[in-house]
Structures are given as C-alpha cells and as structure tokens.
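Trainee: give the three-dimensional model of this entry:
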Amino acid sequence: MPIEVLSNRADLISGGQALVTVHLPAGANPSSNRVALNGTDITGAFSVRPNGRYEGLVTGLVDGRNALTASMPGAAGSLTITNHPIGGPVFAGPQVQPWVCQAGAKDKQCNAPTTFAYQYKPAFAPNGGVGFAGLGGGVSNFQASPPPDGLVARTTTDQGVTVPYIVRIETGYVDRDQYQIAALFDPAKPWAPWAPQPGWNHKVLITHGASCGLDHTTGAAPDVVNDDGLSRGFLVMSTAADNAGHNCNIVTQAESLMMAKERVVEGYGEIRYTIGTGCSGGSLTQQQVANAYPGIYQGILPQCSFPDAWSTGQQLEDYVLLRRYFEDPSKWGLGVAWAPTQIAAVEGHPDHANVVELSTLYGPLPNPAASCAGVTAEQRWSESNPRGVRCALQDFMINLFGTRPQDGYAGRAYDNVGAQYGFNALKAGVITPAQFVDLNAAAGSHDINYGWQPGRVAADRPALANAYRGGAFNETNNMRDVAIIDLRGPDPGAFHDAYRAFAVRARLDRENGTHANQVIWEGFAPIIGDVNYTRLGLVAMDRWLSAVEGDRRPVPLSRKLIEDRPADVHDQCSDGLGQVIPGAAGEAACQAVVQLYTTPRVVAGSPLSTDITKCQLKPLVRSDYLPVEFTDAQWATLAHAFPGGVCDFSKAGVDQQPTLPWQTYQDGPGTGHPLGPPPG
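Mentor: Below you'll find the predicted structure:
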C-alpha cells in the first residue's frame, strides 16, 4: 500500500508537516485504514477528499527521521519522512554567520508567525468610474476596510472562472528569510489543499529581484502583487533569498524556493507547473537554479538576462584589471598610448561607461573587506582582523566552493593565466603589437584578499571543479527539460549586454545538441525589449507548458518541449511598443538595434559561451600571430608574461564539467554530492 508525500520529496520536508496521500487497494473500505506517525495514531487527519484521494496533512513531524505507516486488513505500507527545521538548512549546509534576524523574530533562525493580509482591485476609480489598469494606487487594505461587493472588481481566470478580484497575501519565514504567497482568495469561502477555491488555476508564478549581493540579514521577499499572473488565476510567490541582490548564492536560492513551494502545496494544493519571471539578477537566479536544481521551474522568462553569477564575475574581474591599466596612463609603457576606440576593442564594448558602471557596482564582490549588510565594521575581515567575516561572494558560498587548506578561506574560481587580453583586436589590426604586449605584461591579478599583484592568478582547486559541478557556472546541461523565453533589448551602456542570451544558446547547443527549448524575443526598448514582453511572455509560456502538459506520449520531456512549442512562439523582433516586425525584416532590424557586444575574455579568444574560466595552455608560438610581427624585445616580454603558455580556447576549460543536479552540502563546505533517488 504505497504512501506518497505530495508536498516535496519525503527526505526534504521542512517545518514539521507534509501533505500525504495513501494509495488504498482497489475496492478497499477507507474507514478500515489506520495511519500512524512514529507509533501515534493520526487516522483522523486522513479522509477521502473531494479530489478522490485518501489524503491528509500530517503535522507534528520531529526533526530528523519519522516513521509513517498505514495498515488495513490484508494491506500495509510505510514511509520514512525526514523533516528539517523551518529555519533551514535542508540541503544547503552550514548557514553563514553572523545573521541578523528581522524585528520580532522569535528565535535565532528568524522564525515568526505567518500573517495574512487582503487587498482588492476596485471596480471603479473615485474620479468618475474609470477602472484601474492594475494593482497599483487603487489597492486598499481589505481587512481594515472591507469594500461593498459592488465596488470590488471581478476577474476571469484562464480557466474561465469569474471571481472577485480579492488577493490574499501570506507572509512567512523559511530558511531564515521572508517568503510571500499571493492568490485570488474569497475570505468568505473555505480553502483546503485538496479543495482549493476555483480562482486558482494550480499554476505558480515566481517573481525575483535584481542585482547580486550577499546580505547577512533577513530581507524582504520581492513583490508578489502581480496583475499579469493574479488576474489569470496564477498563485504568485517569492522568497527574499530568490532576490539575487540580497542573496546571490545559488544553493540557498534553490533551497528557499523549494521550501516555499512546499508551503504552497501544503496550504493551497498541488501545482501543475511553475514559471519564473524577472530581469537582470532575477534572470540570473532563474537560469542558474533551473540548471543546478531542475524541477524548481518548468518554464522561465529571463529578461535582460545573465546566465549565472560566476561567468559574469569573470567579466567583472577582467574589467577591474583592465580599468586599473587603461585609466592610469602612468602604467603605460614608453611610447604606448591608447585611443578610446582601442580600449573599447579590448573590452568588447564600445562604451567604456558600461565597463565603469558594471565594475564599480559589482567589481568588489570578490573583496573580503567590502561591506555587507548584517556585518559591522568591527566584525568584518581586514588585514588586522584576519579571522573576521569575509564579505566576498566566494566566502558567502563557501559550502559550494570549499576551503583553502593554507588559510581556511573559501576557494576562488577566477583564473586569468594565459588570457591574452586584446588578442582578437591585435589580429584585426585595431591595436598595435606594442600595445598588446604592454597590456598583457601589466594587467596583473588580485590575490585572495583582493590585493593587486603582478602576474596572473590561478584558480583554487578543487574550488574550480566545485564551481562547475555545483552550478556556479551554468553549464545548461540540465536545462533541456525547461522552456525558456528570453526577453531582450539593446544595451544603452547599462551592462545588460544582449550577447548573454546567445551565450546561453551556445551552451545549450554544446551540451544538449539543440537550443530548440529556448526562444529569444528581441526588441527596440532598451534592456527589456518591449513594454509588453513581460505580460506576453507569460501568456506564451503558459500556452507552451499547457501543450506539454497535455501531451501523454511516452517520450522524453525534452522532446515534448520542442515538439509542443506553439508555432507562433519563436524568435522575434519588436519595435519596443508592441508591434512585432515579421520575418527577415525583423531579424535584420534587431541585428542592427540589439547589437551583440562581447567581453574582454571573448576578445582574448574565448568562445561566446564565456564559461571557460581556466583555459588549457598551449606554447607561445610566433606563427600564431601572423601577419602580426613582434620585435625580439616584445617577444621576450610576452614570454615573461606567459611563462606557461597561452590559452587554447579550442579545448574545454580545466576542470570544466557538467553540473550535477540537486547536490547537498550538509556534510560541510566543499562536500557537495547529489541527493540520490528519493525514498519510495
């Protein structure tokens, strides 16, 4: 008699409860069944529900292993449920310290009572009956001042159900951080996970925040009052940890989302599929989590996207080193001078302001002496406080990277040994041999404490391999089973370069032999592509996943995603204001407007995939530069700058390997290994 946990894997449950169904034998009398938890009868929690299942919400789980049994004449079943604290961790491993909880938290894990608030969309504006377009200024607090029925707008969901446009917002805490869940909710009617209100379509939309940061304090979940989703019947959820600007750690991003989805199933009901949406850091979270923890999302809508934090981090570090050289002519060799166009050719972007903005905002991420929320100046690492808290992203992610034996700090995956800055610009005749030699001799690197040093830096090992295995570099090898619509506009010098959508495409082609599960929508609107893309992307993604859901063929999901994609959901170009430019004209228009800039490492010879951080080396050979010729003195300087050789980008990177899905770090830093099959 099989027992099935519906709300999560049975070994990843958190918070002391789980939604469970017992599969009774055909024709069995449910009243004869008995269910026990750790030897205590809990049969009263179970019943044949309106959905036809013998189902119950099991509460009172203790931390650790729990024995759940079911028995009736002639049949029995058992299952071990492993419960974890609601404050975490579940699989992310030892939690970063120190950590500052929100005001009112009842313990050091930041736990607090779950609260509920209601908002509604008015049917009429007070200025003459014009309805509000969205949940903005027209939202009132439902609980404080319930409006008369006639003043509440109504919405018809994508299931054809018309309900009052009243939204309940649940706020709680998991994994030491806030989550929110918003759903169409009639306060006058009941809701149970086996009998949800008809306003929910059983789909989930996850919203995300922007940027990339490493706070040591509880944050606020991204906004869930999303009219595009709620009006159609989606349940909208988010976690503070899925806001990359608050938490750029892929492992805790995934853990918090998993825990919040468990809350959804236990409180609202089973989920058909989940879609992610978000720009910039929100796209970063979607793409790297989708690859390292497949199943969190079934579809993603990355906008102004980044593939992951760490291939972008390589670009940032290269920018910082190049700026140190380019912006200080005293570092230029005798007779060497740089024009702006030549600097741009090395950086891979025509606007140096783009380099300045991106590296100023995020260049300090590897710096342990940088400030981070929740850590005081006295607690923070410095040369005089070498055991202080290191506010560097790799230390924030120490469980994934592991520690260095020489100092106990987190290993770092950045490497620029053999990287020939400006190589393609040299071959194209844009920069001179003297400039190329001077730049590469002077570029240098940063040590583990972010102090500049001459010469290049090698990545720490095994941190480098851990970065690939753990998904810090998004290799996309697990993304064949997720639908992707990338929403993309031109970069106005604000570091959201369009090439990144095509970097993901290049990785998909390399790893999966196709990118047919990824669609790129380009448009003229800066960064976002089109003012309507967020809404239209959700509608298109919903149609796509609904078609896959209805495909009952016994074929792989990856094949269904390709074959069931609606014919009108394909690469496209928009004028930015809602008008799609069809065919070859659209392709040409977007190629002209949404230009594909690159990175210093691509200019150095890296493929567009941009996920080789430590290259394999080949000997320095003069014929590789023909028709460029160097003087003997210049060649000797190059040989000194590259004593082990230069990058051979025709080969995979050192330690580059597929991401292993669903790794756990519960055994400590650097011990990541796959969870293995779920208990059955």
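Trainee: for the residue lying closest to G586 once chain neighbours are set aside, grab phi and psi.
Mentor: Residue nearest to G586 in three dimensions, not counting chain neighbours: C573, with 3.6 Å by CB to CB, 6 or more residues apart in numbering. For the C-beta atoms, the positions are set from N, CA and C on the backbone; glycine is no exception. Reported as degrees, to the nearest 10, the phi and psi values for C573 are phi -130, psi 140.
Trainee: what's the spacing between E563 and S14?
Mentor: 37 Å (CB to CB, to the nearest Å).
Trainee: quick check: Y409 touching I448?
Mentor: Yes: applying CB atoms under 8 Å, one finds Y409 in contact with I448, separated by 5.8 Å.
Trainee: E563 and S14: who's more crowded?
Mentor: S14 (26 against 13; other CB atoms under 10 Å).
Trainee: skipping its backbone neighbours, what lies nearest that one in space?
Mentor: H84 (4.5 Å).
Trainee: who are the contact partners of that neighbour?
Mentor: H84 makes contacts with 12-14, 63, 90, as judged by CB atoms under 8 Å, 6 or more residues apart in numbering.
Trainee: any chance of these in CSV, with distance to A516 too?
Mentor: Shown next, in CSV, are the contacts of H84 (distance: CB to CB, whole Å):
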residue, distance to A516
L12, 31
I13, 36
S14, 36
D63, 44
V90, 34
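Trainee: just flag the most distant two among the residues you listed.
Mentor: L12 and D63 (13.1 Å; CB to CB).
Trainee: tell me which of those two has more neighbours.
Mentor: Neighbours per residue, other CB under 10 Å: of L12 and D63, the larger number sits with L12, 23 against 12.
Trainee: bridge partners for the residue nearest to G586, pull those for me.
Mentor: E522, I581 (DSSP bridges).
Trainee: how about low-confidence regions in the chain?
Mentor: 125-146, 149 (pLDDT under 70).
Trainee: so which residue is smack in the middle of it?
Mentor: The residue lying closest to the centre of the chain (CA atoms, centre = their mean) is T285, at 1.2 Å.
Trainee: which residues touch it?
Mentor: Counting by CB under 8 Å, 6+ apart, T285 touches 208, 242, 244, 250, 253, 276, 278.
Trainee: what about 10 Å?
Mentor: Shown in contact with T285 (CB atoms under 10 Å, 6 or more residues apart in numbering): 206, 208-210, 212, 241-244, 247-248, 250, 253-254, 257, 276, 278, 296-297, 300, 302, 306, 308-309.
Trainee: again, but for D481
Mentor: 290, 294-295, 298, 512, 517, 548, 556-558, 560-561.
Trainee: how about K189?
Mentor: 163, 197-199.
Trainee: quick one: secondary structure of it?
Mentor: Three-state assignment for K189 (DSSP: H, G, I helix; E, B strand; the rest coil): coil.
Trainee: again with W310
Mentor: If you use three-state DSSP, then W310 falls in the helix class.
Trainee: and what of E55?
Mentor: strand.
Trainee: can you get me a residue count around it?
Mentor: 21.
Trainee: same thing with A589?
Mentor: By other CB under 10 Å, neighbour count at A589 equals 17.
Trainee: and if you look at D107?
Mentor: Neighbours of D107 using other CB under 10 Å come to 10.
Trainee: can you check G104 too?
Mentor: Neighbours around G104, by other CB under 10 Å: 8.
Trainee: also C279?
Mentor: By other CB under 10 Å, neighbour count at C279 equals 21.
Trainee: surely it and P222 touch.
Mentor: No: using CB atoms under 10 Å, C279 is not in contact with P222, being 11.2 Å away.
Trainee: mutual contacts of those two, please.
Mentor: Common contacts of C279 and P222 (CB under 10 Å, 6+ apart): 208-210.
Trainee: can you tell me the element the residue nearest to F495 when sequence neighbours are not counted falls in?
Mentor: Nearest residue to F495, sequence neighbours excluded (CB to CB, 6+ apart): L358, at 3.7 Å. For L358, the element it lies in under DSSP states H and E is helix 352-362.
Trainee: hmm, who's touching that helix?
Mentor: 211-213, 248, 281, 309, 312-313, 315-324, 326-327, 340, 343-344, 347-349, 351, 363, 393, 491-497, 597, 600.
Trainee: the same query, at a cut-off of 7 Å, please.
Mentor: Residues from elsewhere that reach helix 352-362 (CB atoms under 7 Å, 6 or more residues apart in numbering): 212, 316, 319-320, 323, 340, 343-344, 347, 349, 493-495.
Trainee: ok, stretch 191-205 next?
Mentor: In this structure, residues lying in contact with stretch 191-205 by CB under 7 Å, 6+ apart are 19, 49-51, 53, 55, 57, 157-159, 161, 163, 183-186, 189, 226, 229, 232-237, 264-275, 277.
Trainee: how far out from the middle of the chain is it?
Mentor: 26 Å (CA atoms, centre = their mean, to the nearest Å).
Trainee: good, we can wrap up now.
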